[in-house]
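# Give me a model of this one.
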Amino acid sequence: MSQQIIYELEKALGETVALLSSFNEKDINTVPFKDSWTAAQVGRHLFKAEDGIDTLLFASTKPVERPPDANAESLKNILLDFDKKLESPDFLIPENKQYDKKQLLVSLKEAKQKIIPAIQANDLTNSAPLPEGHPLAGSTKLEILHFLVYHTMRHNHQIRKIKEAVN
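Okay, here's the model as predicted:
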């Protein structure tokens, strides 16, 4: 179970870095079309979603009385529906500024380097310690990882669209 999710997450996170690396400093901060984030803002949004996941995975929590991946398919269906526009919670909205490409890539790589060992070292079947009102409250640690995979895949798709538009 966890080997597959690790593989999928490593692949998705690696693709984010590769996609963002393919932009030059100007284009990564260019708004490609109306009501869009820049590629750098998408990268920052992904970092904000990933930052602290390692701490969440190490937190002591209780087992759940349901399959630990019960909501994984639903998350996949929602996040990989590229025709549907989704709203980001305020705490994940990237700052509207010019980003340093190198610094953004370093932060994404560091987040990945923290998450993968945390996955390997923890019981993913337990509940995730998220506050009431959080969009993923009630999820298991495994479902949080499924969210990260599909969320990252969704935004990698978005980054590819941005790349096409700015070229």
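
# roughly how far out does stretch 136-145 sit from the chain middle?
13 Å (C-alpha atoms, centre = their mean, to the nearest Å).

# tell me the mean pLDDT for that stretch?
Mean pLDDT, stretch 136-145: 95.

# Show me which residues of it are buried.
Ser139, Thr140, Lys141, Leu142, Glu143, Ile144, Leu145 (16 or more other C-beta atoms under 10 Å). (C-beta placed from N, C-alpha, C; glycine too.)

# The spatially closest residue to the third one that is not a sequence neighbour in helix, strand or coil?
What sits nearest to Lys141 in space, not counting adjacent residues and going by C-beta to C-beta, 6 or more residues apart in numbering, is Leu124, at 4.4 Å. When the structure is split into helix, strand and coil by DSSP: H, G, I helix; E, B strand; the rest coil, Leu124 lands in coil.

# and Leu124, how far is that from Lys97?
In this structure, Leu124 and Lys97 are 35 Å apart, going by C-beta to C-beta, to the nearest Å.

# More neighbours: which of the two?
Neighbour count, other C-beta atoms under 10 Å: between Leu124 and Lys97, Leu124 has more, with 21 against 11.
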